[in-house]
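[1] Have a look; sequence and predicted model below, questions after that.
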Amino acid sequence: MTAQDPLTAAATPAKRHKPLPDGMVEKRGAGLWLTHLGLIVGVLFIFFPIWLAFVASTVDQQEIVRPPMPLIPGDKFFENYAKALTSGVNAPVATMLLNSSIMAFGIALGKIAISLLSAFAIVYFRFPGRKMFFWLIFLTLMLPVEVRIVPTYEVIANFGMLNSYQGLILPLIASATATFLFRQFFMTVPDELAEAARVDGAGPMRFFFDILLPMSRTNIAALFVILFIYGWNQYLWPLLITTDPDMNTIVMGIKQMFPSGDDIADWPVIMATSILAMVPPVLVVIGMQRLFIRGLVESEK
Amino acid sequence: MATVTLEDVKKSYGKTDVIHDVDVNIADGEFIVIVGPSGCGKSTLLRMVAGLESITSGEIRIDGRRGNEVEPQDRDIAMVFQNYALYPHMSVFDNMAYGLKIAKRPKAEIAERVAEAARLLQLEPYLQRRPRELSGGQRQRVAMGRAIVRKPAVFLFDEPLSNLDAKLRVQMRLEIKALQRKLGVTALYVTHDQIEAMTMADRIIVMNAGVADQIGAPLEVYANPRTAFVAGFIGSPPTNFIDAALFGQSDGAGQIGLRPEHVHMAEKGRLEATVGSIEALGAETLIHLYAANGAQITVRQDATQPIPHEGETRALTWRDTDMMRFDPAGRRV
């Protein structure tokens, strides 16, 4: 669920692009097997907690509570998942998944759209205060959501956006990182391309949509994956502004399923929810993998 | 097809002048090469004609109409860039068609014009490829094609051959020239390569530090350089410059320019020099000699003539009519 998994996955296929001379990096014989053994152990080590969560989501409450914990999936898979999806603990997981998806897509797409446009403005237009605006955007890098959370809450509350998708998305939609990334990319695009487009009669926006945007598509894909996961994993902000269970997002929803006081935790359902919360980011990563890797390792010339 | 007129064109960035009063009339269908060393303002001048750089003062007229404030796409020009500036994500066809698409031409007309340009440039098998799947020469052709399909009044070339290898450069040089003749389009061509300038141009403009030192037909410029700079820049190997005081015949001249092919070795001559190094090129031989005052003199002679040994002292001679006298400021006397 973290950004780490796709990154480690990205490193291996990317290397395959270039054939390596024998014996230099590729190990033969025992070395090869040792390397694989090490990697497999590493993968199992990382994967074990996820496996435990999955097992816990397929058994019933008694089996979890009674030690030792089972390591083989039980027979309550459909029952637990159906319960989680339709009723959950506070709100049905299906609703929370939908909320999270809307928020994550909104944040990712919004961030990309805004940062593409602001990077375009900063790189290709000469206007008074251009440098200042760039540094202002850059400065926001140093102010994460948590630092400005009180004033932001105030603003959103005054706009009446509590318990709404706008409220979830808008405060997180500006991205200095993405703006900076696109700025760097645009600066590597030769000036002659812009000039050729001018001679061809393309206005600035036409140039942006016809040439700059298709050229940055690998960068966009890579950013989309990262930003989607960023949006999906938002915890504090949704927790603050959504009081209505129907607006809960899944990441905060899991926490809220934990019992307070003497309530009994429905661990199989909580675990099923955790596994479900993992699915969309994994799908996004797998779906965008090829573009994502290209975006990280090469810039199209 | 159009005439291009530059009238007292000037360009300055703040207080630095980069182009000083360039004045030239280009006839319809003429091939003009702007040549000069790097940083002389030749590309800037071309970009001013294209509309990519503003004009500080003076006027640029394309086909008689003032073009200073006209946007590049409305100037009826097409430009070929040094690095080709092909859109990397578009196929060759789309690259060539892009300008026409923006001009909202009917699809059939676009297809026809691109096909015609592709046929002319032998690009037909590559129309669906991406630029990165093409060789340097093919990319060059695509860039030309993009210019041709627009059917512009003026072609502008900004060092289009400098990214190609030597052999391809010679071939493309001929092709561009032939194409321009065939289409009859006025062309402005910027290069730092004086051989390109000599071989392609109807007239050349030799630029030196923002000034058009000389404008004229290539052979005229070669035979009668107006300044020492032009004499030194046009011609390879470059003109020899000898201090006029060495001969006592100053008559206002600071230095004397002599083309290498005009200097001969003889029994008795006007100047004694020691043979430094020899370059035998096959058809001709270049002999580099050093005069007593340290001046280097290059002699170009036919391969059939005897080659002296290094370290020998030889007498050099030349005809009076071959001497080009320049005053201390570099102007021809």
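    On my side now, so go ahead.
[2] B:Ile256 and B:Ala245 touch, don't they?
    No: B:Ile256 lies out of contact with B:Ala245 (Cβ atoms under 8 Å); the separation is 10.0 Å. Heads up, the C-betas are built off the backbone N, CA and C, glycines and all.
[3] who's more crowded, the two?
    In this comparison of B:Ile256 against B:Ala245, neighbours counted by other Cβ atoms under 10 Å in any protein chain shown, the higher total goes to B:Ile256 at 24 against 13.
[4] secondary structure class for A:Trp135?
    helix (DSSP: H, G, I helix; E, B strand; the rest coil).
[5] wait, what's in contact with it?
    By Cβ atoms under 8 Å, 6 or more residues apart in numbering or on different chains, A:Trp135 lies in contact with nothing.
[6] I'd like the distance between it and chain B.
    Taking Cβ to the nearest Cβ, to the nearest Å as the measure, A:Trp135 and chain B are separated by 24 Å.
[7] And that residue, what's its pLDDT?
    In this prediction, A:Trp135 carries a pLDDT score of 87.
[8] Now the closest residue to B:Gln140 other than its chain neighbours. Its backbone dihedrals?
    Nearest residue to B:Gln140, sequence neighbours excluded (Cβ to Cβ, 6 or more residues apart in numbering or on different chains): B:Met172, at 6.0 Å. Note on B:Met172: backbone dihedrals following degrees, to the nearest 10 are phi -70, psi -30.
[9] separation between B:Met172 and chain A?
    Using Cβ to the nearest Cβ, we find B:Met172 at a distance of 18 Å from chain A.
[10] Assess the claim that that residue and B:Leu164 are in contact.
    Yes: with contact taken as Cβ under 8 Å, B:Met172 and B:Leu164 are classed as touching, separated by 6.2 Å.
[11] between the two, what contacts are shared?
    Between them, B:Met172 and B:Leu164 share these contacting residues under Cβ under 8 Å, 6+ apart: B:137, B:140.
[12] host element of B:Glu7?
    Mapping B:Glu7 onto the secondary structure by DSSP states H and E places it in strand B:4-13.
[13] Show me what that strand is in contact with.
    B:17-26, B:41, B:44-45, B:48-49, B:53-64, B:154, B:186, B:188, B:210.
[14] Which helix or strand lies directly C-terminal to it?
    Heading towards the C-terminus - elements assigned by DSSP H and E - strand B:4-13 is followed by strand B:16-26.
[15] Excluding covalently adjacent residues, which one is nearest to the spatially most central residue of chain A?
    Computing the C-alpha centroid of chain A and ranking residues by Cα atoms, centre = their mean puts A:Ile229 first, at 1.1 Å. Using Cβ to Cβ, 6+ apart and skipping residues adjacent in sequence, the residue nearest A:Ile229 is A:Pro281, 5.1 Å away.
[16] Quick check: that neighbour touching A:Tyr230?
    No: at 10.1 Å, A:Pro281 does not count as touching A:Tyr230 under the criterion of Cβ under 8 Å.
[17] and the residue of chain A most remote from its centre, what pLDDT?
    Among residues of chain A, the one most distant from the C-alpha centroid is A:Val199; the distance is 39.9 Å, by Cα atoms, centre = their mean. You'll see A:Val199 listed with a pLDDT of 88.
[18] How much space separates it from B:Phe31?
    In this structure, A:Val199 and B:Phe31 are separated by 20 Å, where distance is defined by Cβ to Cβ, to the nearest Å.
[19] if I pick the residue in the stretch 101-250 of chain B that chain A sits nearest to, what's in contact with it?
    When Cβ to the nearest Cβ is the measure, the stretch 101-250 of chain B has its nearest residue to chain A at B:Ile102, with 4.4 Å between them. The contact partners of B:Ile102, taken as Cβ under 8 Å, 6+ apart, are A:200-202, A:206, B:73.
[20] and residue 254, what is it in contact with?
    Chain wasn't specified; assuming chain A. Residues counted as contacts of A:Ile254 (Cβ under 8 Å, 6+ apart) are A:270, A:273-274, A:277.
[21] my bad, the chain I had in mind was chain B
    B:Gly254 sits next to B:243-244, B:326-330 when contact means Cβ under 8 Å, 6+ apart.
[22] Can you lay out the residues you listed as TSV showing secondary structure and distance to chain A?
    Conversion of the contacts of B:Gly254 to TSV gives the following (DSSP: H, G, I helix; E, B strand; the rest coil; distance: Cβ to the nearest Cβ, whole Å):
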residue	secondary structure	distance to chain A
B:Asp243	strand	45
B:Ala244	helix	46
B:Phe326	strand	38
B:Asp327	coil	41
B:Pro328	coil	41
B:Ala329	coil	37
B:Gly330	coil	35
